[in-house]
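Asks: Build me a model:
(chains A and B)
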Amino acid sequence: MSIGMVYALLGAALSTILAGIGSAFGVRAAGQAAAGVTAENPEMFAKVLVLQLLPGTQGIYGLLVTFIALSRIGVLGGNAVTDTNTGLLYLIACLPVAVVGLISAIYQGKTAIASINLVAKKPDQFGKAMLFPAMVETYAILALLVSILAVTNIG
Amino acid sequence: MAIVEMQKLSICADKKRRKALLETLQSLGVMQIENDSIDDPQLQKMDTESAISTFGKNADTLDQAISLLTSYAPSTKSGGLFQEKMLVSREQFENTVESQKNYMRFANQILQDQKEMDEARGTIEKDRNRILALQPWMKMDVPLNTPGTQTTEMLVGTVPGETDAAGLYAAASKGMEDPAPVDVTVLDCDAGLTYLAVLCLRRDAEQVGNNLRDIGFARPQQMESGLPSATAEALEQDIRAKEKRIEELKKDISGFAREAEEFRIASDYYRTRAEKYRLLGTIPQSENMFFLEGWVPKSQAGPVKNMLELKFDALVEMEKTEPDDFEPTLLKNNSFSESAEGVLESYGLPQHHRVDPTFVMSLFYVFFFGMMLSDAGYGIVMSIACAVLLLKKKRLEKGLRKMLKLFFWCGLSTTFWGFMYGGFFGDAIDVIAKTFFGYTGGTILKPLWFAPLDNPMQLLVWCLLFGLIHLFTGLGMKGYEMLKDHDPVGFLGDVVSWYLFVGGLVLLLVPSDIFASIAGQKITFPAWAHQLSVMITLIGVAMIILMSGRDHKNWAVRIALGAYDVYGVTGWLSDLLSYSRLLALGLATGVIANVVNMMASMVGGGPVGIIPFILVFLLGHTMNIAINALGAYVHTNRLQYVEFFGKFYDAGGRAFQPFRAINKYIQIKEEKES
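Replies: Predicted coordinates for the structure are as follows:
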């Protein structure tokens, strides 16, 4: 196995690892707030659950890039990476979704907490409350897009 | 596709008819009553606070009784999240109202039972603790607080540490002649404490007491009179009795199960009455007359007027709408677009003289949602689930029905895009064919258009194009409103100019190398077309610079403002790029679905592989559908709220809330009048 393969695999792994860590953090933080609201008012469960899930998507974006990368570097399909340069390219291509996923999920979790508080006080403002965390997610989506385009266009 | 026109009515009627008139209006539920504008110091308002609170309290009592009933007699439960309203005949309703006192008594009985049950549970808990505290003393065959006999004294208590009788004897009889007349009985050793009873002569009592204190002797906090074993037995009996009582009470509560329906009816009845009295408190009245003012949909105004005049001899006038009247907004759309009204509502309703964007929005909503979820299998599941719910439960709450309808349409659109992209539960068909049927050929389910993962850049261009159409439509709505308001200058300066500017820029971009490298194909325009696009762009820029600051007389300020507005093109860029989420989320669904299929098929083919395949398949796709439908919902909303509405829409309307019966549980079946 070439060192390039190691780099490529490292990139693929990092996008799930980092984005997953971010999502775990965001969902945990929002989940605590959601549980508190549900304790006060069980009828809010469905609404706060939706808000809790919002920071969870980064982990999925990470998984997505990992899967596309794996299917191109010879783990799940495609040709094995033989040279170091290509491996490094894959590593770098995975970084946007990994790093932005990590950080945006954490911040989205915090925004989700604020929105959960909003919904707890004004349940009819759910539509707007959902929008605030979705704004943060925009940047994760942009990073995902760049990673996908980069990974699919290498080699 | 419209906002319902409203008519202001003012009503004046005989006070004796007040009750009947209000009840009729309430059951019709077509009029939003606002009496704030009737401001005459001669008119009085009734104080109805106490009635409102009594009825409110009654409704609460019944609600509590209902929720207790559902927890003790699950058969009375109804629906959960998709709770349907109960269909009640007029007759049943009247009967319930007639014997409302009975139902209140029943409900109070249930609450009483619950209270007694809680108390009994508390007592049981206390008894258990007392029994636990008695455990170490069980060997005592006299009561703990026995003082002794004429000549002996008994000391009962604990010492720290686990010591045996001999050691304790030595400690207790310290400094006394041997053999000391002291008897030590160790009753129990537990958790670092030794429980003991000491018997000594009365004359030695002080000395023995001091000796014992030296080794940490302490009397128990509570001295129970009576034998410990007998006390424990009595407590056990008490617990048994209380448990039996709890069972009886539970049975008593469940015994009301067949009244559950009536409880619901009565609860709604009280709620409705509370609402009536709330309104009554706002009605200005003179000695013999009372006055009402409010909004009615224009189409209903005539019939309502006639009905009130005929039935109640009321004086009803159609008022002209004053400029500072703030009419409530009620939307009316065709049955497809109506389903997206909830989406609009949660952003904010339009004001009266503005346009209702529901119709246009609903088209884009369904289109974009489908693009994001984009899996035929998921779309079919979604549509069928919504259709089944809609058909089975006809009396769901209105907002919920609209929501389900919206997702039904979104499911159809998802199915369409799924076939376009070639996704049916991801690549499930191919995976199943390969794993279980040994198929080795090419792709079975070919995309009708193209698979996004094969050519993401091209799809990105398409997404941005759809985005541009969406944004231009939004701008068009703004133009439409401006033309409707007779503002052609604004139309040219704020709408046409941007069409030209952005449109020209796009035309300039299409033949460029950047575009060619993204789209994968080079488009060349003839020279005149290029010149034309440069012209269009420049005209657009010039119009913006000259016209967008047109409120200012000073030309220098005007041009400076215009130039600043040209900078707004960056906003267009970021709005447009935002549509890349159509691609990203579409890919996400498809790829994760493929991952699920791959994991499911890992065990391999044959009968052994089928069970794990089905399990993983069901679990994985359920999760994927849930999380991606959520994502598609959130981000479709975002595209509407931020990008689309940002171009023209600024809510600010208030919802039409007619005076009506507030029914949480029931819907009254109206018999056709013969």
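Asks: Helix, strand, or coil at residue 21?
Replies: All of this refers to chain A. Look at A:I21: counting by DSSP: H, G, I helix; E, B strand; the rest coil, its state is helix.
Asks: Can you tell me the closest non-neighbouring residue to it?
Replies: Among residues not flanking A:I21 along the chain, A:L102 sits closest, at 5.9 Å (Cβ to Cβ, 6 or more residues apart in numbering or on different chains). Glycine gets a C-beta too; all of them are placed from N, C-alpha and C.
Asks: roughly how far out does whatever helix or strand the one you found lives in sit from the chain middle?
Replies: Assigned by DSSP states H and E, A:L102 belongs to helix A:84-121. Here helix A:84-121 is found 5 Å from its chain centre; the criterion is Cα atoms, centre = their mean, to the nearest Å.
Asks: picking that back up, ok, the residue nearest to A:I21 - contacts?
Replies: Neighbour list for A:L102: A:L18, A:A19, A:I21, A:G22, A:Q58 [criterion: Cβ atoms under 8 Å, 6 or more residues apart in numbering or on different chains].
Asks: what do you get if the cut-off is 7 Å, keeping everything else the same?
Replies: For A:L102, the contacting residues are A:L18, A:A19, A:I21, A:G22, by Cβ atoms under 7 Å, 6 or more residues apart in numbering or on different chains.
Asks: what does B:F656 give?
Replies: B:Q32, B:P328, B:T329, B:L330.
Asks: and it, what pLDDT?
Replies: As predicted, B:F656 sits at a pLDDT of 91.
Asks: What distance do you get for it to chain A?
Replies: 15 Å (Cβ to the nearest Cβ, to the nearest Å).
Asks: The residue in chain B that chain A sits nearest to sits in which helix or strand?
Replies: Ranked by Cβ to the nearest Cβ, the top residue of chain B for proximity to chain A is B:S346, at 2.5 Å. Element membership for B:S346, per DSSP H and E: helix B:341-347.
Asks: how far out from the middle of the chain is that helix?
Replies: So, by Cα atoms, centre = their mean, the centroid of helix B:341-347 is 15 Å from its chain's centroid.
Asks: Not counting its neighbours along the chain, what's nearest B:L475?
Replies: Distances taken as Cβ to Cβ, 6+ apart put B:K647 closest to B:L475, at 5.2 Å, once the chain neighbours are dropped.
Asks: oh, I was asking about B:L280
Replies: Sequence neighbours aside, B:T48 is the residue nearest to B:L280 in space, at 5.1 Å (criterion: Cβ to Cβ, 6+ apart).
Asks: Is that neighbour in contact with B:T282, as I believe?
Replies: No. Counting by Cβ atoms under 7 Å, B:T282 is not a contact partner of B:T48; they are 8.9 Å apart.
Asks: So which of these two has more stuff around it?
Replies: Comparing B:T48 with B:T282 by other Cβ atoms under 10 Å in any protein chain shown, the one with more neighbours is B:T48, at 18 against 15.
Asks: Number of residues surrounding the residue nearest to A:S115 when sequence neighbours are not counted?
Replies: Of all residues beyond its chain neighbours, the one nearest A:S115 is A:A129 (4.0 Å), with distances taken as Cβ to Cβ, 6+ apart. A:A129 has 26 neighbours, counted by other Cβ under 10 Å.
Asks: For the one helix or strand A:A129 maps to, what does the pLDDT average out to?
Replies: Counting by DSSP H and E, the element that carries A:A129 is helix A:126-153. Averaging pLDDT along helix A:126-153 gives 89.
Asks: what's the answer for stretch A:42-52, then?
Replies: Mean pLDDT, stretch A:42-52: 86.
Asks: buried sites along that stretch?
Replies: Residues of stretch A:42-52 classed as buried by neighbour count (16 or more other Cβ atoms under 10 Å in any protein chain shown): A:M44, A:K47, A:V48, A:V50, A:L51, A:Q52.
Asks: hmm, who's touching it?
Replies: Contacts to stretch A:42-52, defined as Cβ under 7 Å, 6+ apart, come from residues A:27, A:30-31, A:34, A:37-38, A:112, A:115-116, A:119-120, A:123, A:126, A:129-130, A:133, B:81, B:630.
Asks: try stretch B:222-235
Replies: Contacts to stretch B:222-235, defined as Cβ under 7 Å, 6+ apart, come from residues B:D127, B:R130, B:I131, B:L134, B:W137, B:M138, B:M140, B:D141, B:P143, B:L144, B:N145.
Asks: Just give me how far whichever helix or strand the fourth one is part of sits from the chain centre.
Replies: Okay, so that is B:L134. Assigned by DSSP H and E, B:L134 falls within helix B:100-134. Relative to its parent chain, helix B:100-134 has a centroid offset of 32 Å by Cα atoms, centre = their mean.
Asks: burial measure for the nearest residue to B:T163 once chain neighbours are set aside, as a count.
Replies: Leaving aside its chain neighbours, B:T163 sits nearest to B:T194 (5.4 Å; criterion: Cβ to Cβ, 6+ apart). Look at B:T194: counted by other Cβ under 10 Å, it has 24 neighbours.
Asks: What parts of chain A come near chain B?
Replies: Within chain A, the positions near chain B by Cβ under 7 Å from any Cβ of the partner chain are A:46, A:50, A:53-54, A:56-57, A:60-61, A:63-64, A:67-68, A:126-128, A:130-131, A:134, A:138, A:141-142, A:144-145, A:148-149, A:152.
Asks: Mind giving me the ChimeraX command for buried ones among those residues?
Replies: Applied in ChimeraX, the following selects the buried portion of those according to 16+ other Cβ under 10 Å:
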select /A:50,53,54,56,57,60,61,63,64,67,68,126,127,128,130,131,134,138,141,142,144,145,148,149,152
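Asks: Restricting to C-alpha, output the worst-scoring helix or strand of chain B on mean pLDDT in PDB.
Replies: Ranked by mean pLDDT, DSSP states H and E, the weakest helix or strand in chain B is helix B:513-519, scoring a mean of 78. Output of helix B:513-519 as PDB, limited to C-alpha atoms (Å, rounded to 0.1, in the frame of the first residue of the first chain):
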ATOM      1  CA  ASP B 513     -14.200  29.900 -19.800                       C
ATOM      2  CA  ILE B 514     -15.200  29.600 -16.200                       C
ATOM      3  CA  PHE B 515     -18.700  28.600 -17.200                       C
ATOM      4  CA  ALA B 516     -17.300  26.100 -19.800                       C
ATOM      5  CA  SER B 517     -15.100  24.500 -17.200                       C
ATOM      6  CA  ILE B 518     -18.000  24.200 -14.800                       C
ATOM      7  CA  ALA B 519     -20.700  23.000 -17.200                       C
END
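Asks: Strands along chain B, start to end?
Replies: B:2-3, B:6-14, B:32-33, B:44-45, B:86-89, B:152-160, B:182-190, B:193-201, B:284-285, B:289-297, B:315-319, B:331-332, B:666-669 (DSSP state E).
Asks: wait, isn't the residue of chain B closest to chain A in contact with A:G127?
Replies: Yes. B:S346 lies in contact with A:G127 (Cβ under 7 Å); the separation is 2.5 Å.
Asks: if we can go back for a sec, just so I know, which of the strands of chain B lies nearest B:L168?
Replies: Of all these, it is strand B:182-190 that lies closest to B:L168, at 4.6 Å by Cβ to Cβ.
Asks: of all of chain A, which residue lies closest to chain B?
Replies: For chain A, Cβ to the nearest Cβ, closest residue to chain B: A:G127, 2.5 Å.
Asks: Right, I'll call it a day here.
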